[in-house]
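S.K.: coords please:
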Amino acid sequence: MHRILSILQSLFNFLLFSSVYIAFCAVAMTWQSNELLHLQYDYNTFYGFVFFATICSYNFHWYLTPPGADDISHRLSWGQRQRALQLLLCAIGLLGSLWYYLPLQQHWLPVSGAIFLTFLYSAPKLAYKPFIWLRKIAIGKTLFLTFVWTYVTTVLPALVAGNIHSASLTLLTLHRFFLIYAICILFDNRDREEDKKQGIRSLITWFNDKGVSRLYYLSVALAAVFAIGLLFYVDGWLVGTLLVPVAITAMVKRYSETHASDYVYYFYLDGLMMLSALLHYAGFLAGW
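M.R.: Modelled structure (predicted):
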């Protein structure tokens with residue numbers, strides 16, 4: 001039994017820390033955008049691109065992230081033991097995303113925007129002057145990540161499908177942006193002191209605790225408002241699936257501050273981004 005549990009733990013760590021889990025989150029969110037916005041295009045090709053691009057970008061990011069002297073992060077410890085695997089996954093992700101990019105190359109401009117935003121998030125970790133300068137951008141770290149997640153999973157599918165002129169796209173984009181931003185605030189709040197030591201600036205390192213809380217709850221409230229706005233365009237139960245992770249996110253701040261485990265952040269909190277997609281899919285299977 002102990003050996004079985006050990007194998008399951010190793011498998012779970014691989015799925016979580018190799019970024020397969022977060023890549024699945026990105027695909028699930030993209031699927032939900034397609035369903036809510038009734039987009040028509042080559043879904044499977046785009047899903048493949050999103051999955052492999054996420055694998056590439058996240059493994060690149062974590063490969064560049066060294067552990068601190070007093071760091072007990074499970075993810076960073078795993079990454080230090082699996083440096084070669086991270087590079088391999090980065091290469092596999094790059095090759096896979098290039099393969100799935102070929103059928104999408106007529107959309108090279110909007111896809112390039114996603115690549116650029118993704119690179120900006122990891123660029124400050126490169127030890128070269130132009131990239132070190134990015135650490136000094138006050139709003140950079142959190143907003144870059146939020147923009148890329150919102151853009152790739154919501155706006156980019158609509159651009160590829162040629163269906164960007166709709167109020168439902170605007171509302172879903174704003175809902176996603178503020179929900180993801182609230183979740184990113186929790187991550188940045190946990191890493192605030194380490195970011196200050198490294199000279200990485202963001203709104204979270206700039207604000208005091210009260211300012212961070214106000215920004216967090218404002219983001220959660222706006223995510224709820226824009227989700228409710230979708231009642232004019234989609235069924236009520238679908239709006240309910242959007243509001244469930246918003247409600248959970250509104251209640252999880254105190255818990256996240258007292259439970260800094262990587263499993264809480266990279267499984268539970270990251271999972272909140274795709275929770276509404278999973279609920280949506282469950283309703284789809286139930287025939288709602």
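
S.K.: residue ranges with poor pLDDT in this structure?
M.R.: 68-72, 123-141, 191-207 (pLDDT under 70).

S.K.: next, the buried residues of the longest helix along the chain.
M.R.: Using DSSP state H to define each element, the chain has its longest helix at helix 167-190. By neighbour count on 16 or more other CB atoms under 10 Å, the buried set for helix 167-190 is 168-169, 171-190. C-beta here means a position set from N, CA and C on the backbone, and glycine is covered the same way.

S.K.: counting by contacts, list what that helix packs against.
M.R.: The helices and strands touching helix 167-190, judged by 3 or more CB pairs under 8 Å, 6 or more residues apart in numbering; DSSP states H and E, are helix 20-37, helix 140-150, helix 203-206, helix 209-229, helix 236-251, helix 253-258, helix 270-286.

S.K.: compare those and give me the one nearest Ile164.
M.R.: helix 20-37 (9.6 Å; CB to CB).

S.K.: for the helices and strands packed on helix 167-190, give me a markdown table that also has mean neighbour count and distance to Val111.
M.R.: Below are these laid out as a markdown table (neighbours: other CB atoms under 10 Å; distance: least, CB to CB, whole Å):
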| stretch | mean neighbour count | distance to Val111 |
| --- | --- | --- |
| helix 20-37 | 21 | 13 |
| helix 140-150 | 22 | 12 |
| helix 203-206 | 18 | 28 |
| helix 209-229 | 17 | 25 |
| helix 236-251 | 18 | 26 |
| helix 253-258 | 13 | 33 |
| helix 270-286 | 17 | 21 |
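
S.K.: and those helices as JSON lines, adding distance to Ser6?
M.R.: Output for these, formatted as JSON lines (distance: least, CB to CB, whole Å):
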{"stretch": "helix 20-37", "distance to Ser6": "19"}
{"stretch": "helix 140-150", "distance to Ser6": "33"}
{"stretch": "helix 203-206", "distance to Ser6": "37"}
{"stretch": "helix 209-229", "distance to Ser6": "37"}
{"stretch": "helix 236-251", "distance to Ser6": "31"}
{"stretch": "helix 253-258", "distance to Ser6": "28"}
{"stretch": "helix 270-286", "distance to Ser6": "23"}
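
S.K.: Ser57: which of the ones you listed is closest?
M.R.: Across the helices and strands packed on helix 167-190, closest to Ser57 is helix 140-150 (CB to CB), at 8.4 Å.

S.K.: quick one, that closest one and helix 209-229 angle?
M.R.: Using axes from the mean of the first three to the mean of the last three CA atoms, to 10 degrees, the direction of helix 140-150 lies 10 degrees away from that of helix 209-229.

S.K.: got the CA coordinates for helix 140-150 in CSV?
M.R.: C-alpha atoms of helix 140-150 as CSV (Å, rounded to 0.1, in the frame of the first residue of the first chain):
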residue,chain,number,x,y,z
GLY,A,140,4.3,44.1,-14.7
LYS,A,141,4.4,40.8,-13.1
THR,A,142,0.7,40.3,-12.2
LEU,A,143,-0.8,42.0,-15.2
PHE,A,144,1.3,40.3,-17.8
LEU,A,145,0.2,36.9,-16.5
THR,A,146,-3.4,37.9,-16.3
PHE,A,147,-3.4,39.4,-19.8
VAL,A,148,-1.9,36.3,-21.4
TRP,A,149,-4.3,33.9,-19.7
THR,A,150,-7.3,36.1,-20.6
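
S.K.: report the inter-axis angle for it versus helix 20-37.
M.R.: With the same axes, to 10 degrees defining the directions, helix 140-150 sits at 60 degrees from helix 20-37.

S.K.: show me how far whichever helix or strand comes after helix 140-150 is from its chain's centre.
M.R.: Next helix or strand after helix 140-150 toward the C-terminus (DSSP states H and E): helix 156-161. Distance of helix 156-161 from the chain centroid (CA atoms, centre = their mean, to the nearest Å) equals 18 Å.

S.K.: ok, and what's touching helix 156-161?
M.R.: With CB atoms under 8 Å, 6 or more residues apart in numbering as the test, helix 156-161 has contacts from 30, 33-34, 37, 39-41, 46, 104, 107, 110-111, 113-114, 164, 166, 169.

S.K.: dump the residue contacts of the nearest residue to Leu243 once chain neighbours are set aside.
M.R.: Distance criterion CB to CB, 6 or more residues apart in numbering; nearest residue to Leu243, sequence neighbours excluded, is Ala227 at 5.5 Å. Contacts here follow CB under 8 Å, 6+ apart; on that basis Ala227 touches Leu171, His175, Val239, Leu242, Leu243, Val246.
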